[in-house]
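Q: any chance you can model this:
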Amino acid sequence: MLVHCQRDGLLSACQLVGAAVAVRTTKPILTHIKAIAQDDGLTLMGTDLEVGIRYHLRGVRVEQSGEAILAVSRLISILRESGDSEVTIDADERRCSVMTSTSTFKMPSENPADFPDIATFTNVKYHEISAGMLRQMIRRTTFAAGKDNARFAITGILWEVDDGKARLVATDTKRLALATGIAEVPADLDLKGQSHLIPTKAMALLERTLADGDDGQMIQVCLRQNDVLFQTEKSLICSRLVEGRYPPWRDIIPKKHSARIALVADTFLNAVRQAAIMTDDESKRVIFRFAPGKLTLEAQGATTGESRVEMKLEDYTGPEIVINFDPAFLTEMLRVLDGSQVIQLDLLDGQRPALFRVGDDYQYLVMPLA
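A: Numbering: from 1, shown residues only. Purely as a prediction, here's the structure:
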C-alpha cells in the first residue's frame with residue numbers, strides 16, 4: 001500500500017488503536033497494528049485477543065490500496081518527532097517505509113494475513129445511547145472497579161439494560177459507583193434481567209474514542225453471550241466479557257439515613273484535599289465531623305503532622321456524626337463531577353456505608369474506615 005496522511009490525524013489514530021495492542025505476548029504481531037488502505041480512507045486495527053478496535057481514518061490520499069502491518073510504537077515516535085504536516089507510508093508484507101520531507105524510516109514488516117480478524121458490526125441486535133451520556137457514565141464508574149485479579153469478576157464493569165435505561169456498576173468491595181443513562185432499546189430486544197461484565201480496558205478505550213466525537217452521536221451497543229460490540233462514528237470496539245459472578249450490589253445500597261447533607265463538589269473536594277495533605281502511608285484516613293452548620297476534617301500522620309480544615313454547612317441542622325474515610329476514595333469520585341454540582345450525602349452513623357448522590361443518575365457508596 002502507498003498512502004499520504006495528515007500527520008496529526010494519523011498520530012491520534014495510532015495512539016488510540018495502539019492502546020488495544022498486547023503489552024506482553026508470545027505472538028509478536030499482536031504488538032503491531034494492521035492497516036488497510038482503500039478508497040479515501042485508512043482502517044487501522046489493533047487487538048490483544050481480548051479487546052480489539054477498528055478505526056477508520058478519513059481524508060487519506062490512497063495512491064495504492066493494500067494491507068500492511070505497522071510497528072505502532074515506532075510509528076508513533078516518528079510522527080511525534082516530525083514537524084511535517086503530511087507523511088507518506090509505503091508498505092507491504094516484507095517492509096514498511098515512513099517518509100517525511102527530510103527523513104526516511106525503514107522497518108521490517110509481517111504478513112497481514114497473519115493478523116487476527118476483528119469482528120464487524122453486521123447482522124446484530126443493538127441498543128443505542130448518546131456519546132456524551134455514555135462517556136460521562138464511564139468516567140463516573142470505571143475508577144471504582146477492582147484491581148485484584150484473584151476476584152476477577154469485580155475487575156469488570158457491570159452493564160445492565162432495562163426499562164429504557166442503561167446502567168453501569170463498578171466496585172472493588174470498598175466502594176461502589178452506579179451510573180444510569182437513557183437508552184433507546186428496540187421492542188424486539190429484551191435484555192432485562194441480563195448482566196454483562198465488560199473489561200475496564202475496553203471501557204477505557206471506548207471513553208478515549210468518544211472524547212474526539214460529537215456528544216450527540218448515538219453509540220450502538222451489541223451485548224452478546226460472550227462478547228460486546230460498540231459502534232461509533234469512526235470506530236468499532238469489540239471485547240470478550242469478563243467471566244464470574246458479580247456481587248449482589250443492590251443489597252448493599254442503604255435504604256435509610258439519619259442525616260442528609262448537601263455538598264458543593266468543588267468546595268468539598270478542596271477541603272478533602274487540604275486535610276489529606278497530612279496523611280501518610282500508615283494512616284490513610286481523614287476524620288469527618290459533621291455538625292449543625294459545620295463540617296470539620298482532621299488528619300494526622302506519625303511523621304507528617306496534623307491538619308484541621310473547616311467547611312460551612314449552612315443548611316445542615318441534623319445530628320452530629322463522626323466518620324472516617326480514605327480521602328482517595330472521595331477525591332477520585334469528586335474529580336469526575338462538575339465542580340458546581342450539588343452532592344447529596346446520606347449518612348446513618350459513623351460505622352455504616354455513606355451514600356453520595358448526584359441527581360437521580362449517579363450514586364457512589366463508600367465504606368468507612370474502622
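Q: distance check, Arg95 against Ala68.
A: With distances taken as C-beta to C-beta, to the nearest Å, Arg95 is found 9 Å from Ala68. In short, each C-beta sits where N, CA and C put it, glycine included.
Q: ok, those two, which is more surrounded?
A: Ala68 (26 against 12; other C-beta atoms under 10 Å).
Q: excluding chain neighbours, give the residue nearest to Arg54 in space.
A: Leaving out its chain neighbours, the residue that sits closest to Arg54 by C-beta to C-beta, 6 or more residues apart in numbering is Leu236, at 4.5 Å.
Q: how close does that neighbour sit to Leu337?
A: Distance from Leu236 to Leu337, by C-beta to C-beta: 30 Å.
Q: quick one: residues contacting Gly146.
A: By C-beta atoms under 8 Å, 6 or more residues apart in numbering, the residues touching Gly146 are 154-155, 171-173.
Q: return the per-residue confidence for the nearest residue to it once chain neighbours are set aside.
A: Residue nearest to Gly146 in three dimensions, not counting chain neighbours: Ile154, with 3.5 Å by C-beta to C-beta, 6+ apart. Predicted confidence (pLDDT) for Ile154: 95.
Q: Ile154 and Pro247, how far apart?
A: Ile154 is 7 Å from Pro247, by C-beta to C-beta.
Q: what residues are shared contacts of the two?
A: Contacts common to Ile154 and Pro247, judged by C-beta under 8 Å, 6+ apart, are 171, 173.
Q: quick one: which of the two has more around it?
A: Ile154 (25 against 17).
Q: isn't that one right up against Trp249?
A: No. With contact defined as C-beta atoms under 8 Å, Ile154 does not count as touching Trp249 (9.9 Å).
Q: please enumerate the shared neighbours of those two.
A: Thr171.
Q: in this structure, which residue is most central in space?
A: Ala204 (3.2 Å; C-alpha atoms, centre = their mean).
Q: got the phi and psi for that residue?
A: phi -70, psi -40 (degrees, to the nearest 10).
Q: how close does it sit to Arg140?
A: For Ala204 relative to Arg140 (C-beta to C-beta), the value is 13 Å.
Q: identify the contacts common to those two.
A: In contact with both Ala204 and Arg140: no residue, using C-beta under 8 Å, 6+ apart.
Q: list the buried ones in stretch 152-165?
A: 154-161 (16 or more other C-beta atoms under 10 Å).
Q: in JSON lines: the residues you listed, plus distance to Thr296.
A: Converted to JSON lines, those look like this (distance: C-beta to C-beta, whole Å):
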{"residue": "Ile154", "distance to Thr296": "34"}
{"residue": "Thr155", "distance to Thr296": "37"}
{"residue": "Gly156", "distance to Thr296": "38"}
{"residue": "Ile157", "distance to Thr296": "36"}
{"residue": "Leu158", "distance to Thr296": "36"}
{"residue": "Trp159", "distance to Thr296": "40"}
{"residue": "Glu160", "distance to Thr296": "39"}
{"residue": "Val161", "distance to Thr296": "43"}
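Q: looking at the residues you listed, which two lie furthest apart in space?
A: Thr155 and Val161 (21.2 Å; C-beta to C-beta).
Q: circling back: now for the residue nearest to the centre of the chain: which residues touch it?
A: Shown in contact with Ala204 (C-beta under 8 Å, 6+ apart): 19, 138, 142.
Q: ok, 7 Å please
A: By C-beta atoms under 7 Å, 6 or more residues apart in numbering, the residues touching Ala204 are Thr142.
Q: distance of it relative to Ala170?
A: From Ala204 across to Ala170, the span is 12 Å (C-beta to C-beta).
Q: common neighbours of these two, please.
A: Shared contacts of Ala204 and Ala170 (C-beta under 7 Å, 6+ apart): Thr142.
Q: and the next element down the chain from the host helix or strand of Gln274?
A: Per DSSP states H and E, Gln274 falls inside helix 265-276. Per DSSP H and E, the first helix or strand lying C-terminal to helix 265-276 is strand 286-291.
Q: for that next one, buried residues please.
A: Result for strand 286-291 [16+ other C-beta under 10 Å]: buried residues 286-290.
Q: and what of stretch 230-239?
A: Quick answer for stretch 230-239 (16+ other C-beta under 10 Å): 230-232, 234-239.
Q: need the phi and psi values for the nearest residue to Arg308 once chain neighbours are set aside.
A: Leaving out its chain neighbours, the residue that sits closest to Arg308 by C-beta to C-beta, 6+ apart is Glu298, at 5.2 Å. The phi/psi pair for Glu298 (degrees, to the nearest 10) reads phi -130, psi 140.
Q: one more: Asp251?
A: Torsion angles, degrees, to the nearest 10, at Asp251: phi -70, psi -20.
Q: so what's the residue count around it?
A: 6.
Q: and the pLDDT for it?
A: 94.
Q: can you check the one 5 residues further on too?
A: Lys256 is assigned a predicted lDDT (pLDDT) of 95.
Q: and the gap between it and Arg289?
A: Relative to Arg289, Lys256 is positioned 22 Å away (C-beta to C-beta).
Q: same check on Arg58?
A: Arg58 is 57 Å from Arg289, by C-beta to C-beta.
Q: and if you look at Arg95?
A: Using C-beta to C-beta, Arg95 is found at 68 Å from Arg289.
Q: just Ala153 next, same as before
A: Ala153 is 37 Å from Arg289, by C-beta to C-beta.
Q: likewise Thr26?
A: Note on Thr26: its distance to Arg289, by C-beta to C-beta, is 55 Å.
Q: beyond the strand or helix carrying Met311, next helix or strand please.
A: In the assignment (DSSP H and E), Met311 maps to strand 305-313. Per DSSP H and E, strand 305-313 leads on to strand 321-325 as the next helix or strand towards the C-terminus.
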